[in-house]
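Visitor: take a look and give me a structure for this.
(one chain, ligands or ions: 2)
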Amino acid sequence: MIKKTDFLVIGSGIAGLYYALKVAEHGKVLVLSKGPVIENTTKYAQGGIAAVVRSPDSIEKHIKDTIDCGAGFCDEQIVKMVCMEGPERIKDLIKMGASFDKNEKGEFDLGKEGGHSENRVLHYKDCTGKEIMRALIDAAKKNTNIEIFENQYVVDIITQHHLGKNIKRNTPDIECYGAYVLDPSKGQVNTVLSKITLMATGGIGMAYQTTTNPNVATGDGIAMVYRAKGEINNMEFVQFHPSSLYNPLEKPSFLITEAIRGFGAILKNSKEEVFIDKYDDRGSLAPRDIVARAIDTELKLSGDEYVYLDCRHIDRIALKRSFPNIYKKCKSLGIDMAKDMIPVTPAAHYICGGIVTDKFGKSSIKRLYAAGECASTGMHGANRMASNSLLEAVVFANRAATETTNIVDKFEHYDNIPQWDSEGTVLNEEMVLITQSLKEVQGIMSNYVGIVRSDLRLNRALKRLNLLFNETEELYIKSILNPKLCELRNIINVSYLTIKMSKKRRDNIGLHYSLDNI
Ligand code: FAD
Ligand code: SIN
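Guide: Ligands and ions are numbered 1, 2, ... in the order given. Prediction:
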């Protein structure tokens with residue numbers, strides 16, 4: 001089957017749906033989501049979205065905090081632009097139907113998280129992402145120009161490569177004509193032709209054994225663009241969230257929002273010592289790279305598997321009111337937040353790098369834009385500040401919408417695209433090959449490419465990954481496609497990029513820390 005659309009949006013998280021709503025006035029929009037429309041990382045966002053809404057906060061302070069957290073590696077012009085445009089994008093989200101908590105004075109109730117010098121995080125209790133997704137999905141479903149196709153797996157974007165041209169990484173004018181999309185219910189790969197495509201596929205957390213990310217976070221968009229010879233950078237900057245709930249059998253790991261530390265909770269070790277002050281004056285609210293590394297060091301010294309978050313000094317009613325979701329979760333595990341300390345441990349959480357874009361979200365491939373976690377815009381530098389991800393996603397989705405609505409009419413659908421060729425492939429009945437390889441990649445990434453790295457660990461990781469790469473490519477070529485196999489392939493691709501870029505970085509900056517760079 002061939003389907004044509006003006007705007008193809010790959011991903012139904014905050015970046016994809018916000019963009020879809022903004023461009024829908026200018027043409028037909030097709031949104032693809034590999035699972036149900038609601039199943040994405042955005043839904044799990046807890047802390048909120050950062051933006052300056054009143055004094056004593058200021059845009060200058062937001063810029064400075066972001067750059068400090070990013071270890072000076074951010075693109076200052078981009079940071080400035082995002083912080084300045086943030087307040088308008090919050091108004092958009094509210095117009096689209098999202099609610100944010102207010103205090104008794106009727107002002108936004110602003111939370112505080114690591115690295116923020118002021119309270120500036122707008123939130124909806126501790127389920128901000130769910131509230132934003134509720135609003136965006138409702139609005140998108142009402143819009144007659146937007147079609148949402150769920151459970152559709154995008155395998156690859158279509159470029160001149162599919163017309164038989166030899167595309168190399170430095171080939172100029174690579175162009176995106178749409179995507180090949182697997183409909184797993186029919187076992188069929190369809191062709192979607194678009195004038196403009198937005199990649200909004202989220203992060204790579206599933207490359208690790210322990211992650212806060214849902215199963216969909218397999219780095220598909222980044223891997224697709226890499227395979228299409230597009231530009232990818234900063235993949236060494238994998239962010240580990242300091243406080244995921246220690247509950248080893250639970251996948252993904254449940255997040256205990258940093259906003260609780262902004263509310264007064266304190267990190268302690270098993271001796272109930274406030275160890276974090278040894279590492280940074282900002283204590284439990286230092287930037288994430290510093291806190292996660294401090295916990296990692298502490299755990300290595302003590303041999304413990306977790307540290308604690310102590311909320312026992314905070315009023316129970318206030319805890320229950322502000323963090324109802326976390327309160328309920330802890331209760332279900334027999335932890336009473338007001339009486340017991342919460343066991344927490346770092347978990348892979350966010351990728352700062354990804355598809356390189358300009359200030360309008362344009363990638364190095366023509367007619368292909370990227371927004372949200374899969375994009376590398378220059379905003380986060382070497383370490384993203386808390387609650388700046390949702391903000392970056394809406395600012396760039398908006399900018400991409402402004403640019404692409406102006407140029408969409410210049411493009412025609414490219415009609416001579418060959419159908420997906422599945423000749424010679426057979427049904428792969430041994431799913432165990434895929435699940436076992438996935439576990440192996442996750443083991444490699446967690447053991448050798450974690451919070452603390454070394455040349456030896458990275459070299460070992462690369463060697464082992466190579467073997468898995470070869471086996472998986474072989475399997476891919478001869479198998480009838482299924483999403484799990486494609487995801488494994490993508491996870492191997494993004495893991496490769498993380499290892500390669502980590503090996504290349506010879507200084508310790510932000511989230512990249514190697515014993516050989518000291
Ligand atoms: P996502 O929301 O992940 O959406 C990706 C979409 O792409 C999904 O619809 C998926 O189905 C689709 N997709 C992927 N691959 C394919 C494919 N091959 N074919 C078809 N569809 C595909 N950030 C903040 O700023 N504030 C917070 O409070 C916050 N809390 C967080 C809490 C948790 C537990 C986690 C894990 C992250 C949190 N983050 C937070 C980070 C933030 O939530 C994410 O970075 C952001 O939501 C990513 O949005 P996105 O639109 O880029 O991607
Ligand atoms: C959190 O609520 O701690 C996560 C916020 C984020 O990742 O920005």
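
Visitor: when you work out contacts or count neighbours from here on, use the C-alpha atoms and nothing else.
Guide: OK.

Visitor: buried by neighbour count: which residues of stretch 17-28 qualify?
Guide: For stretch 17-28, burial by neighbour count (16 or more other CA atoms under 10 Å) applies to Leu17, Tyr18, Tyr19, Ala20, Leu21, Lys22, Val23, Ala24, His26, Gly27, Lys28.

Visitor: can you check stretch 426-438 too?
Guide: Buried residues in stretch 426-438, counted by 16+ other CA under 10 Å: Asn428, Ile434, Ser437, Leu438.

Visitor: among those residues, which pair sits farthest apart?
Guide: Asn428 and Leu438 (15.8 Å; CA to CA).

Visitor: let me know the closest of the buried residues of stretch 426-438 to Lys125.
Guide: Distances from Lys125 to these, taken by CA to CA, are shortest for Leu438, at 35.0 Å.

Visitor: which residues are in contact with the closest one?
Guide: By CA atoms under 8 Å, 6 or more residues apart in numbering, the residues touching Leu438 are Leu488.

Visitor: please read off the pLDDT at it from the model.
Guide: On pLDDT, Leu438 comes in at 98.

Visitor: any idea which helix or strand carries it?
Guide: Under the criterion of DSSP states H and E, Leu438 resides in helix 431-448.

Visitor: please save the CA atoms from the very next helix or strand once past that helix in CSV.
Guide: For helix 431-448, the succeeding helix or strand toward the C-terminus, using DSSP H and E, is helix 455-478. The C-alpha trace of helix 455-478 is given here as CSV (Å, rounded to 0.1, in the frame of the first residue of the first chain):
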residue,chain,number,x,y,z
ASP,A,455,39.2,2.9,27.7
LEU,A,456,39.4,-0.8,28.7
ARG,A,457,35.6,-1.0,29.4
LEU,A,458,34.7,0.9,26.2
ASN,A,459,37.0,-1.3,24.0
ARG,A,460,35.6,-4.4,25.6
ALA,A,461,32.1,-3.1,24.9
LEU,A,462,32.8,-2.4,21.3
LYS,A,463,34.3,-5.8,20.7
ARG,A,464,31.3,-7.6,22.1
LEU,A,465,28.9,-5.3,20.4
ASN,A,466,30.5,-6.0,17.1
LEU,A,467,29.7,-9.7,17.4
LEU,A,468,26.0,-8.9,18.2
PHE,A,469,25.9,-6.4,15.3
ASN,A,470,27.1,-9.0,12.7
GLU,A,471,24.7,-11.7,14.0
THR,A,472,21.8,-9.3,14.0
GLU,A,473,22.4,-7.9,10.5
GLU,A,474,22.6,-11.5,9.2
LEU,A,475,19.3,-12.3,10.9
TYR,A,476,17.7,-9.0,9.7
ILE,A,477,18.6,-9.7,6.0
LYS,A,478,17.0,-13.1,6.0
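
Visitor: which other helices and strands contact the helix or strand following helix 455-478?
Guide: Following helix 455-478 in sequence order, the next helix or strand is helix 483-504 (DSSP H and E). Under the contact criterion of 3 or more CA pairs under 8 Å, 6 or more residues apart in numbering; DSSP states H and E, helix 483-504 touches helix 220-227, helix 431-448, helix 455-478.

Visitor: can you list the buried residues in helix 483-504?
Guide: 483, 485-503.

Visitor: for stretch 379-390, same thing?
Guide: Neighbour-count burial for stretch 379-390, counted by 16+ other CA under 10 Å, picks out Met379, His380, Gly381, Ala382, Asn383, Arg384, Met385, Ala386, Ser387, Asn388, Ser389, Leu390.

Visitor: any chance of those in TSV, with pLDDT too?
Guide: Converted to TSV, the buried residues of stretch 379-390 look like this (pLDDT from 0 to 100):
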residue	pLDDT
Met379	98
His380	98
Gly381	98
Ala382	98
Asn383	98
Arg384	98
Met385	98
Ala386	98
Ser387	98
Asn388	98
Ser389	98
Leu390	98
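
Visitor: so which of those residues are also by ligand 2?
Guide: Restricting the buried residues of stretch 379-390 to those adjacent to ligand 2 (criterion: CA under 6 Å from any ligand atom) gives Ala386, Ser387, Asn388, Ser389.

Visitor: residue numbers of the chain in contact with ligand 2?
Guide: Residues of the chain lying near ligand 2 (CA under 6 Å from any ligand atom): Gln46, Gly47, Thr257, Glu258, Ala259, Ala386, Ser387, Asn388, Ser389.

Visitor: just checking, the fourth one touches Gly264?
Guide: No: the criterion here is CA atoms under 8 Å, and Glu258 misses it with Gly264 at 10.1 Å.

Visitor: and the buried residues of stretch 17-28, which of them are in helices?
Guide: Among the buried residues of stretch 17-28, the members found in helices (DSSP state H) are Leu17, Tyr18, Tyr19, Ala20, Leu21, Lys22, Val23.

Visitor: can you redo these as JSON lines with pLDDT?
Guide: Converted to JSON lines, these look like this (pLDDT from 0 to 100):
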{"residue": "Leu17", "pLDDT": "98"}
{"residue": "Tyr18", "pLDDT": "98"}
{"residue": "Tyr19", "pLDDT": "99"}
{"residue": "Ala20", "pLDDT": "99"}
{"residue": "Leu21", "pLDDT": "98"}
{"residue": "Lys22", "pLDDT": "98"}
{"residue": "Val23", "pLDDT": "98"}
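
Visitor: just flag the most distant two among the residues you listed.
Guide: Checking these with CA to CA, the most distant pair is Leu17 and Val23, at 10.0 Å.

Visitor: got any ranges where the stretch 301-450 of the chain has weak pLDDT?
Guide: 429 (pLDDT under 70).

Visitor: hey, where'd the helices end up in it?
Guide: 316-322, 324-332, 388-407, 431-448 (DSSP state H, counting those that start in this stretch).

Visitor: ok now the last one, how far from the chain's centre?
Guide: Same thing as helix 431-448. 20 Å (CA atoms, centre = their mean, to the nearest Å).

Visitor: check the longest one too.
Guide: The chain centroid and the centroid of helix 388-407 are separated by 16 Å, computed with CA atoms, centre = their mean.

Visitor: ok, now stretch 133-146?
Guide: With CA atoms, centre = their mean, you get 22 Å for stretch 133-146.

Visitor: coming back round to it: the buried residues of stretch 426-438 into JSON lines, with extra columns for distance to ligand 1?
Guide: Below are those laid out as JSON lines (distance: CA to the nearest ligand atom, whole Å):
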{"residue": "Asn428", "distance to ligand 1": "19"}
{"residue": "Ile434", "distance to ligand 1": "17"}
{"residue": "Ser437", "distance to ligand 1": "19"}
{"residue": "Leu438", "distance to ligand 1": "16"}
